[in-house]
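**Student:** Pasting the sequence and the predicted model now:
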Amino acid sequence: MSRLVNGAAVFRMDRFLTPDDDGRARLVAATEAVVDAVNRHAVAGAWSGADPAAMATAIEALDPLPELGVPFEQVIDEVSAVVLAHSVRPADPTCVAHLHSPTLIDAAATEVAIGAINQSMDSFDQAPAATLVEDRLVRRLAEIVGLPSSSSGVMTAGGTASNLLGLVLAREAASRRLGFDVAADGLPNEARSWRIVTSAAAHFSVERAAMLMGLGRNAVVTVATDRDGAVDSVAFDTTVDALGRSGLVPIAIVGTAGTTDLGAIDPLAHLADRAVELDAWFHVDAAVGGAFAAHPELAVRLSGIERADSVTVDLHKLWWQPISASALLVADEHSFDLIRRHSEYLDREEDAELGVLNLVGRSLDTSRRFDALKALVSLRTLGRDGMAEMLGKLVDVAAGAAEAIEAHARFELAAEPSSVMVVFRWVGDGSLSDETLDGVNIEVQRRLFDDGRAVIGRTRYGRRVMLKFTVVNPELVTQNLVLLLDAVDAEASRISR
């Protein structure tokens, strides 16, 4: 907004959070308006099912930077009607497609503080207390996972960024063992023989990391999985031995604790053993299953993770944090020295001599949000017991859904759930071909989404189209998923007539 003084436009300077009563009052009023806008559309249903073309037209009308500013109240009303009304609602029981969780209210509320104080997590002099909070959080996460007392970590934007950072450290460690410094001189000729070995069900970010590191996607060697979706130990050993005979060198082994489709957890202890034998970096992508470390019984499924050199943990999945909140944990805090590049204005050498912690030395990013704060507030409020209770419930609900699928004549379960994913297929009465069934399952998922009835997952497993429930909402009960199965069955029956 602006006002006219002697015919000239004078812009208001009350748009910022100032350390006085007026500034605080403005923040409270603006926050209340946003909360009201969110609540206005807190209705039942996965999403509105609005026509995409109509949404695009309405959003196109919202000029992000008009010539003259629009009153905040009007903008929020517009955003409420055009954007919030047509957003997916992760807390709804019909929203079970992805690892897109509802958020803890304490964490969502803390986002206001994160935005208001705007700490930049690259240097101590921009975020003194925040730096120490992030360091405390990642060390605690590493402790929960079982990493040694020398461990540390850094917050990232997501599992893809965490996996990239972990594998960059693996590449640097491999080059230093050969007397090279890739960070300074680029890849040596020997890098043509370097390989990253992982499961065929590993996240695509492993191949993306290899591409970005200059090794190429073909440097990633994938190993077949067993019937539950975890990497097959015998096939893994056969693959690794064959690489050695061919003169190829595994510089990193990547285990997955919670694959994206079946939620499978690799035999991490076996992979750790082989990593030691091969002198390879052991990275565990526990973006999904890392939360199980906080549960007294489920933690055993992660046996071997405590021997990893680096671990990815996504807090915006089964820790119920607002996106973004991920962490890359390392067993040895000095691992970050492999990528540290001192800068005269942020990561100063004289600061290091005094023990000043500038987190830019741990990160591939420079400016970063203070995402550790929402985790500190919400997880401290929840407690490990509360978290374990919700994790146990999710696993039980997923198992209950699998039982319902197996008991239903027109559904087929892909595999017993290993964590919180339930993959299945509508097969009808058995009279339709696999190709026809693929088309029916595709159309069911689309129709349920298009009209807002449900957001369920769709993937391919064994080259066949499958549907998927991802159980990340602690408010779900098995009956919610049984009702969704009924909806799938009814719609698929109509399509296949």
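**Tutor:** Now that the structure is in, tell me what you want to look at. Residues are numbered from 1 along each chain as shown.
**Student:** switch to C-alpha atoms for all contacts and neighbour counts from now on
**Tutor:** Noted.
**Student:** Longest helix in the protein, please.
**Tutor:** As assigned by DSSP state H, the longest helix anywhere in the chain is helix 372-407.
**Student:** got the buried residues for it?
**Tutor:** 372-376, 378-379, 387-388, 390-402, 404-406 (16 or more other CA atoms under 10 Å).
**Student:** Which strand or helix spans Arg139?
**Tutor:** Under the criterion of DSSP states H and E, Arg139 resides in helix 128-145.
**Student:** Which positions in that helix come out as buried?
**Tutor:** In helix 128-145, counting by 16+ other CA under 10 Å, buried: 128, 130-131, 133-145.
**Student:** what's the angle from it to helix 372-407?
**Tutor:** If you take axes from the mean of the first three to the mean of the last three CA atoms, to 10 degrees, helix 128-145 sits at 30 degrees to helix 372-407.
**Student:** Now do the helix or strand just after helix 128-145, average pLDDT.
**Tutor:** Later in the chain than helix 128-145, the nearest helix or strand by DSSP H and E is strand 152-156. Across strand 152-156, pLDDT averages out at 98.
**Student:** Give the buried residues for whichever helix or strand comes after strand 152-156.
**Tutor:** The helix or strand immediately downstream of strand 152-156 is helix 159-177, counting by DSSP H and E. Using 16+ other CA under 10 Å as the test for burial, helix 159-177 gives 159-175.
**Student:** go on, stretch 427-444?
**Tutor:** For stretch 427-444, by 16+ other CA under 10 Å, it's Val427, Gly428, Leu437, Asp438, Val440, Asn441, Ile442, Val444.
**Student:** Give me the three-state assignment for the third one.
**Tutor:** Which is Leu437. helix (DSSP: H, G, I helix; E, B strand; the rest coil).
**Student:** Let me see the contact set for it.
**Tutor:** Neighbouring residues of Leu437 by CA atoms under 8 Å, 6 or more residues apart in numbering: Trp426, Val427, Val465.
**Student:** Please tabulate these in a markdown table, including the columns pLDDT and distance to Arg217.
**Tutor:** Below are the contacts of Leu437 laid out as a markdown table (pLDDT from 0 to 100; distance: CA to CA, whole Å):
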| residue | pLDDT | distance to Arg217 |
| --- | --- | --- |
| Trp426 | 98 | 34 |
| Val427 | 98 | 36 |
| Val465 | 98 | 25 |
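**Student:** Those residues into CSV, with extra columns for distance to Ala487 and secondary structure?
**Tutor:** Listed next are the contacts of Leu437 as CSV, based on distance: CA to CA, whole Å; DSSP: H, G, I helix; E, B strand; the rest coil:
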residue, distance to Ala487, secondary structure
Trp426, 11, strand
Val427, 14, coil
Val465, 18, strand
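**Student:** Let me know the closest of these to Ile339.
**Tutor:** Using CA to CA, Val465 comes nearest to Ile339 of those, at 41.9 Å.
**Student:** show me the contacts for the closest residue to that closest one other than its chain neighbours.
**Tutor:** Closest residue to Val465 apart from its sequence neighbours, by CA to CA, 6 or more residues apart in numbering: Asp438 at 5.1 Å. For Asp438, the contact set (CA under 8 Å, 6+ apart) comprises Arg464, Val465, Met466.
**Student:** What pLDDT does the model give the last one?
**Tutor:** Read that as Met466. 98.
**Student:** Contacts only, for it.
**Tutor:** By CA under 8 Å, 6+ apart, the neighbours of Met466 are Val423, Phe424, Arg425, Asp438, Asn441, Arg458, Thr459, Arg460.
**Student:** other SSEs contacting the one helix or strand Ile76 maps to?
**Tutor:** Under the criterion of DSSP H and E, Ile76 resides in helix 72-82. Other helices and strands packing on helix 72-82, by 3 or more CA pairs under 8 Å, 6 or more residues apart in numbering; DSSP states H and E, are helix 21-39, helix 52-60.
**Student:** Can you pull out the low-pLDDT segments for the stretch 301-450 of the chain?
**Tutor:** Counting by pLDDT under 70, the stretch 301-450 of the chain shows no low-confidence range.
**Student:** All the helices of it, in order from the start?
**Tutor:** Ranges of helices in the stretch 301-450 of the chain, per DSSP state H, counting those that start in this stretch, are 349-353, 372-407, 434-450.
**Student:** Ok, which of the ones you listed comes nearest Arg307?
**Tutor:** helix 372-407 (22.5 Å).
**Student:** Taking the buried residues of stretch 427-444, tell me the two that lie furthest apart.
**Tutor:** Gly428 and Ile442 (14.1 Å).
**Student:** neighbours around Ala25, how many?
**Tutor:** Residue crowding around Ala25 was assessed by other CA atoms under 10 Å; the count is 13.
**Student:** Report the separation between it and Ala209.
**Tutor:** Using CA to CA, to the nearest Å, one gets 46 Å for the distance from Ala25 to Ala209.
**Student:** what's the answer for Gln445, then?
**Tutor:** Distance from Gln445 to Ala209, by CA to CA: 31 Å.
**Student:** And for Leu391?
**Tutor:** Leu391 is 30 Å from Ala209, by CA to CA.
**Student:** and the residue nearest to Arg384 when sequence neighbours are not counted, how many neighbours does it have?
**Tutor:** In this structure, Arg384 finds its nearest non-sequential neighbour in Ala294, 6.4 Å apart by CA to CA, 6+ apart. By other CA under 10 Å, the residues close to Ala294 number 21.
**Student:** Report the contact partners of Ala294.
**Tutor:** Ile144, Val145, Arg384, Met387, Ala388.
**Student:** Double-check Leu448 against Ala454; I have them as touching.
**Tutor:** Yes. Here Leu448 reaches Ala454: they are 5.2 Å apart, a contact under CA atoms under 8 Å.
**Student:** Between those two, tell me which one has more neighbours.
**Tutor:** Set Leu448 next to Ala454 and count neighbours by other CA under 10 Å: Ala454 wins out with 26 against 20.
**Student:** the domain parsing of the protein - what is it?
**Tutor:** With automatic domain parsing as the criterion, the domains of the chain are listed as 2-86, 120-369, 382-496.
**Student:** Pipe those domains into CSV and attach distance to Ala108 per row.
**Tutor:** Converted to CSV, those look like this (distance: least, CA to CA, whole Å):
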stretch, distance to Ala108
domain 2-86, 11
domain 120-369, 6
domain 382-496, 14
